[in-house]
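Novice: I need the structure of the sequence given here:
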Amino acid sequence: MDTVTAQLVFGIIVIVIAIGLIYWINRRKFYRRNGMGAEGFSSFEASVFTRFIERVGKWIAYALIIVGIVCIWTYNQMKKDRQEVKTEQPARR
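Specialist: Reported below is the predicted structural model:
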């Protein structure tokens, strides 16, 4: 696999992982809610720690999405450069 294709694959994998992380965090938050809609924790410390970790996890997921988009954009630029090089070469006679 060449560098250009690896760039695309890496970008797609990173975006899928980030979306999965956001989904997992939101799902955990949803299932913590009781019938009244309030989140249930065993203690105050558990509440603070869990919310902090989830917030950090979401920021990491957003950063991964940005990295994935940049990788896909770079792939697109590398592909365009490769096509331009092929079309600029003069034909041999």
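Novice: from now on I want contacts and neighbour counts done on CA atoms only, so please keep to that.
Specialist: OK.
Novice: for residue 62, grab phi and psi.
Specialist: phi -60, psi -40 (degrees, to the nearest 10).
Novice: now the closest residue to it other than its chain neighbours: how far from residue 39?
Specialist: Closest residue in space to residue 62, ignoring its immediate chain neighbours: residue 18 at 7.0 Å, by CA to CA, 6 or more residues apart in numbering. When distance is defined by CA to CA, to the nearest Å, residue 18 is 24 Å away from residue 39.
Novice: ok, these two, which is more surrounded?
Specialist: Neighbours were counted for residue 18 and for residue 39 using other CA atoms under 10 Å; residue 18 has more, 23 against 13.
Novice: which of the helices or strands spans that one?
Specialist: Taking DSSP states H and E as the criterion, residue 18 maps to helix 3-31.
Novice: that helix: which residues count as buried?
Specialist: By neighbour count with 16 or more other CA atoms under 10 Å, helix 3-31 contains the buried residues 4, 7, 8, 11, 12, 14, 15, 18, 21, 22, 25.
Novice: check stretch 53-63 too.
Specialist: 54, 57, 58, 61, 62.
Novice: same deal with stretch 78-89?
Specialist: In stretch 78-89, counting by 16+ other CA under 10 Å, buried: residue 78.
Novice: what residues does it touch?
Specialist: residue 4 (CA atoms under 8 Å, 6 or more residues apart in numbering).
Novice: same deal with stretch 34-48?
Specialist: 29, 32, 33.
Novice: which among those gets closest to residue 75?
Specialist: residue 29 (35.5 Å; CA to CA).
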